[in-house]
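S.K.: Here you go, sequence then predicted model.
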Amino acid sequence: MLAPALPALPALFQAMDDTWPAAALHRVGPWLVREGQGGGKRVSAATAEAPVTEADIPLAEARHRALGQTPLFLIRPGDEALDAMLEARGYRVVDPVHLRAAPLGAFAEPDLMYSFPHWPPMAMCEDVWTETGIGPGRQAVMRRVKGPATAFLACAPDRIDRVAGAGFAAISGQIAMIHAVEVLPRMRRQGSAHNILRSAAWWAQTNGAHWLALAVTCHNEAAGKLYASLNMSIVGHYHYRSA
């Protein structure tokens with residue numbers, strides 16, 4: 001039997017926008033400039049939606065500054081000419097990212113007693129995110145999702161009354177993307193993140209998705225090993241250029 005084809009990059013980038021949405025989208029010239037309102041780089045970056053020239057870059061810079069944001073560009077495969085233009089202007093590379101994905105059939109069934117989906121997020125989930133650096137701006141991103149979405153609360157494997165971690169997932173088309181997977185430092189290396197991913201795959205399958213995907217910074221080696229152990233292949237990449 002042939003392995004299921006993985007989603008195409010355009011669908012993955014669309015799923016990223018749909019499942020982790022900006023507060024507002026601003027179109028200026030060939031650019032789509034995202035207004036993040038404290039939600040992080042992914043919702044505060046500009047992307048080129050048509051061919052660009054050197055003369056177009058100040059348009060995006062001006063819109064960023066009008067929004068109170070530092071000029072930031074998300075560079076996808078195919079944006080090599082833009083990448084070179086930004087490098088020549090002194091923009092530095094920030095956070096190279098891998099996109100990983102796997103068909104839902106690749107995941108073992110979770111133990112839902114230890115990581116269960118629910119929506120809206122329980123206060124215990126919000127407490128985990130706050131403690132691990134996912135502040136109000138990023139939590140607001142989750143609540144902006146229009147399609148199916150869920151939070152996951154992970155419990156310690158030895159005591160189900162002890163909170164260990166949290167995660168968030170949402171669906172765009174046939175792709176479920178998982179974000180904000182965080183485990184409290186004192187509760188790590190006990191399988192909680194592993195079970196959150198398996199729970200996300202189970203939830204995604206029950207809601208009609210075909211794949212589970214995520215974005216993770218290349219330097220996060222521990223997370224990379226976890227996702228590889230769950231058969232989540234690297235299917236794409238991107239990086240940012242920041243002023």
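M.R.: Okay, I see it. For clarity, every value in this text was computed on a predicted model and none was experimentally measured.
S.K.: Return the list of strands paired to the longest strand along the chain, each annotated with direction.
M.R.: When the chain is parsed with DSSP state E, its longest strand is strand 92-103. Here strand 92-103 is paired, per DSSP bridges, with strand 211-217 (antiparallel), strand 233-242 (antiparallel).
S.K.: for those strands, which one ends up most surrounded?
M.R.: Mean neighbour count (mean count of other C-beta atoms under 10 Å) peaks for strand 211-217 among the strands paired with strand 92-103, with a mean of 23. (C-beta placed from N, C-alpha, C; glycine too.)
S.K.: Run through who's touching the longest strand of the chain.
M.R.: Applying C-beta atoms under 8 Å, 6 or more residues apart in numbering, the contact partners of strand 92-103 are 3-4, 6-7, 9, 12, 41, 72, 175, 201, 210-219, 224, 227, 230-242.
S.K.: CA atoms only for the helix or strand following that strand, dumped as PDB, please.
M.R.: Moving toward the C-terminus from strand 92-103, the next helix or strand (DSSP states H and E) is strand 115-118. C-alpha atoms of strand 115-118 as PDB (Å, rounded to 0.1, in the frame of the first residue of the first chain):
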ATOM      1  CA  SER A 115      -4.900  14.600  27.600                       C
ATOM      2  CA  PHE A 116      -8.400  15.500  26.700                       C
ATOM      3  CA  PRO A 117      -9.800  18.100  24.200                       C
ATOM      4  CA  HIS A 118     -12.200  20.800  25.200                       C
END
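S.K.: Could you break the chain into its assigned domains?
M.R.: As given by automatic domain parsing, the domain ranges for the chain are 9-98, 101-236.
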